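1. Need a 3D model of the sequence below.
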Amino acid sequence: MNNPTRRNVLRGGALAAAGLAATVLGASGPAFAAPPASPADAGAADGRRFPFLEGAFAPRRREVSAFDLPVTGRLPRALDGRYLRNGPNVLGLEDPKAHHWMLGAGMVHGLRLRDGRAEWYRSRWVRSADVAARLGEPYKGPQPPPAEDFAGNTHVIGHRGRILALQEGGPLPYELDGDLNTVGLCDFDRTLDGSFAAHTKFDPHTGELHAVTYAIEWDHVRHIVLDRAGHVARTTRVPVADSPMMHDFALTEKYVVLFDNPITFDAEAARAGAPVPYAWNERHPARVGLLPRGGGSATWFDIPPFYFSHTLNAYDDGGRVVVDFTRMPAPFEVAGRGLGGPAAAGPPSLHRWTIDPVHGVVRTELVDDRPQEFPRVNEAYTGRRHRYGYTAASVELFRAYGPSVGETGVRPGNALVKHDLLRGTTQVQRLPRGADASEPVFVPADRGAVGPPPSGPARPAEDDGYVLAYVNNPERNATDLVVLAARDFTGEPVARVHLPVMVPLGFHGSWVPNG
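-> All right, here's what the predicted structure looks like:
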């Protein structure tokens, strides 16, 4: 491979994994040959399983549209918008051993809720040039360079009237319309130069959207700020060594909090054609950095090596910075152990850092040791002191990450968890066996409006709203959207929307309010 950048790797890996499956047109939309259901079907002589292609991860063969979905309970009229979630969904597969979960083409699953009804459910592949070609469709817009063409599979957000499917490490976002059809690549009206991110933070007090981006060929990462018009207003380059994978970050009123994990680009693996050429690097120190939002250089603090997973939220506490996040013990192997996805030494759990920049000290506290992932917060509190957070426990996800993770992951079972970080307590909505939950998203009760909560007596409670999550329903072999009242978290869900199909376990999503 000449000049192996991650863009080239993503392109090559995606093509190798997807194969050249023939298109079959179905009543619900284009369909593709499904991955083999078992190692025997795959012709795997060594009998290996491919957990990221089976069970709760099994990709959808076709796009689906369904209308006027049945609902158990009553959908709150405050839910006026779209609940969206992204994830990898490979289009056909010739050889499971060549596949990696993180390289499946992005498929967005969405529900339109309005006036107490579930108007529609849609699943749509993100139409990169490669995906459009496989679907036998013309590509919308100028043909992108092949190395930059990737159907973002990691997150989907709403911002300034746009719906964006996000990917880190090189590719631009893809914009979708309100029906989840792909509009085209988005460079924020030609103001973005280079890579974007899978995780963004919207500051409701300033109206800015923040991102931290990286690319293999860079000797730095970039903090990017989009203004109220949705344009890149400023970019700050932060020097880093070894091209680390910087998957997420945190934001406070004063700082951008950077997480420098010991997972770095592996040139030898790239030359050998590895689909995900990143490896655990014992020689790369783990660090957390504070980059002043007002300008200046980052200050770095060494920490013990582990894999930082996702931010719940962060805030300034006097002269200190508090960060709540999920983490896994070292090492975390992005390329995995030949099972088609990442592998971990142990399950993720919820932790807190208290960073004291004056004394150069980072204190780590275990908040909750139960296996859990995908932490979320009421986003009106992004960068400000929060009390509550929400996570998901998915046994199937932890098992797929590795035997030791799976054995530990069985302990709490499938669940959605509400954390009271002021009192140090939790409430758990326990789910049946086989009812794996995706990321929980908080939606405020004031018709989903975004922005800082008002001060004074009219200020709503931080947990005055609903928690939405896709949860597999083993009795129907399909997925439900479960709607919980956040203030009655362990009570019966206020509503369940019954989807016609199973939504594969994937990554991240958002509530996009109407208007």
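2. Am I right that G110 is in contact with Y121?
-> Yes - distance between G110 and Y121: 7.1 Å, which falls inside the contact criterion (CB atoms under 8 Å). In short, each C-beta sits where N, CA and C put it, glycine included.
3. Any idea how far apart the tips of stretch 150-158 sit?
-> End-to-end distance of stretch 150-158 (CA to CA, to the nearest Å): 19 Å.
4. now do stretch 125-142
-> End-to-end distance of stretch 125-142 (CA to CA): 19 Å.
5. which intervals of the chain have sub-threshold pLDDT?
-> 1-48, 94, 147, 406-412, 447-458 (pLDDT under 70).
6. Could you rerun that using 80?
-> Counting by pLDDT under 80, the chain contains low-confidence residues at 1-49, 92-98, 146-148, 403-412, 447-459, 515.
7. neighbouring strands for the longest strand anywhere in it, and are they parallel or not?
-> Looking across the chain with DSSP state E, the single longest strand is strand 306-317. When pairs are called by DSSP bridges, strand 306-317 turns out to pair with strand 320-329 (antiparallel).
8. which of the residues in the partner strand are buried?
-> Buried residues in strand 320-329, defined by neighbour count with 16 or more other CB atoms under 10 Å: R320, V321, V322, V323, D324, F325, T326, R327, M328, P329.
9. ok, now stretch 234-242?
-> T236, V238, V240.
10. In strands only, show me the residues you listed.
-> T236, V238.
11. Could you pull out the helices in the protein for me?
-> 6-18, 39-42, 129-134, 267-271, 395-401, 403-409 (DSSP state H).
12. hey, C-alpha coordinates of the longest strand of the chain in CSV?
-> C-alpha atoms of strand 306-317 as CSV (Å, rounded to 0.1, in the frame of the first residue of the first chain):
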residue,chain,number,x,y,z
PHE,A,306,-6.2,1.9,30.2
TYR,A,307,-8.7,2.4,27.4
PHE,A,308,-10.9,5.5,27.8
SER,A,309,-14.2,4.6,26.2
HIS,A,310,-16.8,7.4,26.3
THR,A,311,-17.6,10.7,28.1
LEU,A,312,-20.7,11.1,30.2
ASN,A,313,-20.0,14.8,30.9
ALA,A,314,-17.5,17.1,32.5
TYR,A,315,-17.5,20.4,34.4
ASP,A,316,-15.3,22.9,36.2
ASP,A,317,-15.3,22.7,40.0
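13. and G294, how many residues sit next to it?
-> 7 (other CB atoms under 10 Å).
14. Equivalent analysis for the one 3 residues further on, please.
-> Summarising burial for S297: neighbours were counted as other CB under 10 Å, giving 12.
15. tell me the phi and psi of it?
-> phi -100, psi 160 (degrees, to the nearest 10).
16. So it versus G161, what's the distance?
-> 35 Å (CB to CB, to the nearest Å).
17. Same check on F301?
-> Distance from F301 to G161, by CB to CB: 39 Å.
18. The two - which one has more neighbours?
-> Counted by other CB under 10 Å, F301 and G161 do not tie: F301 has more neighbours, with 16 against 10.
19. Tell me who's in contact with that one.
-> For F301, the contact set (CB atoms under 8 Å, 6 or more residues apart in numbering) comprises R287, V288, G289, L290, I355, P357, G360, V361, V362.
20. Make TSV out of these and add neighbour count and distance to P347.
-> Formatted as TSV, the contacts of F301 follow (neighbours: other CB atoms under 10 Å; distance: CB to CB, whole Å):
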residue	neighbour count	distance to P347
R287	18	24
V288	21	22
G289	20	26
L290	21	28
I355	25	25
P357	15	31
G360	11	31
V361	11	27
V362	18	22
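21. can those residues go into a markdown table with extra columns for distance to D219?
-> Output for the contacts of F301, formatted as a markdown table (distance: CB to CB, whole Å):
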| residue | distance to D219 |
| --- | --- |
| R287 | 16 |
| V288 | 20 |
| G289 | 15 |
| L290 | 20 |
| I355 | 25 |
| P357 | 25 |
| G360 | 25 |
| V361 | 29 |
| V362 | 25 |
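22. between these, which is closest to S128?
-> Distance to S128, by CB to CB, is smallest for G289 among these, at 32.5 Å.
23. Mind checking which residue lies nearest the centre of the chain?
-> H508 (3.1 Å; CA atoms, centre = their mean).
24. thought that one was touching G106?
-> No - between H508 and G106 there is no contact under CB under 8 Å: 11.0 Å.
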